[in-house]
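A.B. asks: quick one, structure for this:
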Amino acid sequence: MGGHGGLNILPQKSWNVYNFDNREKVRRDEEQAAKEEQLKREQAQKRDSEFRLHRLRAARGLEPLIPPPPSEPHSSSSSSDPGHINLFEGIKIFDPIQVPQKEGPPPKKKKKEEGRPPVVVGPEDEKYRLGYGLAGKGVQLPWYVRKPPSDDSVADEGGDGVKREHTGEKKRKTIEELREERLKRERKEKDRERALRQQCRRDVSASTRRFSR
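C.D. replies: Alright, predicted model coming up:
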């Protein structure tokens with residue numbers, strides 16, 4: 001079933017973000033986050049006020065009411081930006097991964113590779129680099145690595161799929177030669193047409209003579 005006349009089962013899906021359960025979950029999460037943010041903000045304001053009171057009493061030579069809180073490097077940042085919440089605090093999977101460094105001399109394999117001269121790929125090894133030489137000898141080269149045919153050899157393919165090469169010079173005919181050949185063909189056609197007309201006339205005259213007798 002589907003279309004406009006089918007059943008609408010989208011609200012019943014658990015992955016639908018607009019169903020009642022998911023909306024309630026989002027609302028509860030937002031309320032919890034707002035409460036935590038408000039609590040952290042109040043705690044930061046309380047610590048700030050206590051610290052200021054302690055400094056004022058120390059400036060006047062009075063004894064502090066409560067011991068000063070330990071100075072933390074991020075106290076100023078927390079007071080200036082109390083709304084920041086670190087959601088990944090205490091989770092180890094987000095800590096940077098430290099790769100242990102092995103002490104001692106580097107392996108001998110790297111030394112050999114550094115001392116080895118660079119390998120030069122020759123034209124005979126090019127087919128193995130491209131991959132088509134792994135099939136063995138007699139394999140036809142791909143079209144993109146074949147050499148273009150020379151002007152003296154013309155290759156054509158017959159109906160049986162066998163390629164035949166005809167050698168010889170390519171004779172390029174000029175425009176005058178082509179025009180001369182066309183005129184010769186036209187003259188031959190006209191001569192043939194004239195001969196056919198004369199033959200028809202002779203046949204007609206012979207038939208009329210026969211009927212007149």
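A.B. asks: by residue count, what's the longest helix in this protein?
C.D. replies: Identified as the longest helix of the chain according to DSSP state H is helix 20-59.
A.B. asks: show the average pLDDT along it.
C.D. replies: The average pLDDT for helix 20-59 rounds to 91.
A.B. asks: over to stretch 191-208?
C.D. replies: In this model, stretch 191-208 has an average pLDDT of 89.
A.B. asks: domains for this structure, by residue range?
C.D. replies: For the chain, automatic domain parsing gives the domain ranges 15-84, 177-213.
A.B. asks: dump the ones you listed to a markdown table, plus distance to Q140 and mean neighbour count.
C.D. replies: (Glycine included, C-beta is placed from N, CA and C.) Formatted as a markdown table, the domains of the chain follow (distance: least, CB to CB, whole Å; neighbours: other CB atoms under 10 Å):
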| stretch | distance to Q140 | mean neighbour count |
| --- | --- | --- |
| domain 15-84 | 54 | 11 |
| domain 177-213 | 38 | 10 |
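A.B. asks: make JSON lines out of the ones you listed and add distance to I9.
C.D. replies: Below are those laid out as JSON lines (distance: least, CB to CB, whole Å):
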{"stretch": "domain 15-84", "distance to I9": "10"}
{"stretch": "domain 177-213", "distance to I9": "77"}
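A.B. asks: quick one: closest of the ones you listed to W143.
C.D. replies: Of all those, domain 177-213 sits nearest to W143, with 33.1 Å by CB to CB.
A.B. asks: residues in contact with Q38?
C.D. replies: Q38 makes no contacts at all, as judged by CB atoms under 8 Å, 6 or more residues apart in numbering.
A.B. asks: can you check the pLDDT for D81?
C.D. replies: On pLDDT, D81 comes in at 56.
A.B. asks: cool, and G6?
C.D. replies: So G6 comes in at 60 (pLDDT).
A.B. asks: for P64, same thing?
C.D. replies: 63.
A.B. asks: over to K110?
C.D. replies: So, for K110, pLDDT stands at 59.
A.B. asks: same check on E180?
C.D. replies: As predicted, E180 sits at a pLDDT of 92.
A.B. asks: is it located within a helix, as I assumed?
C.D. replies: Yes. Assessed with DSSP: H, G, I helix; E, B strand; the rest coil, E180 lies in a helix.
A.B. asks: how far away is it from E189?
C.D. replies: 15 Å (CB to CB, to the nearest Å).
A.B. asks: do the same with R210
C.D. replies: Distance from R210 to E189, by CB to CB: 32 Å.
A.B. asks: now swap in D203 and tell me
C.D. replies: Separation of D203 from E189 (CB to CB) stands at 21 Å.
A.B. asks: likewise T208?
C.D. replies: From T208 to E189 the distance is 29 Å (CB to CB).
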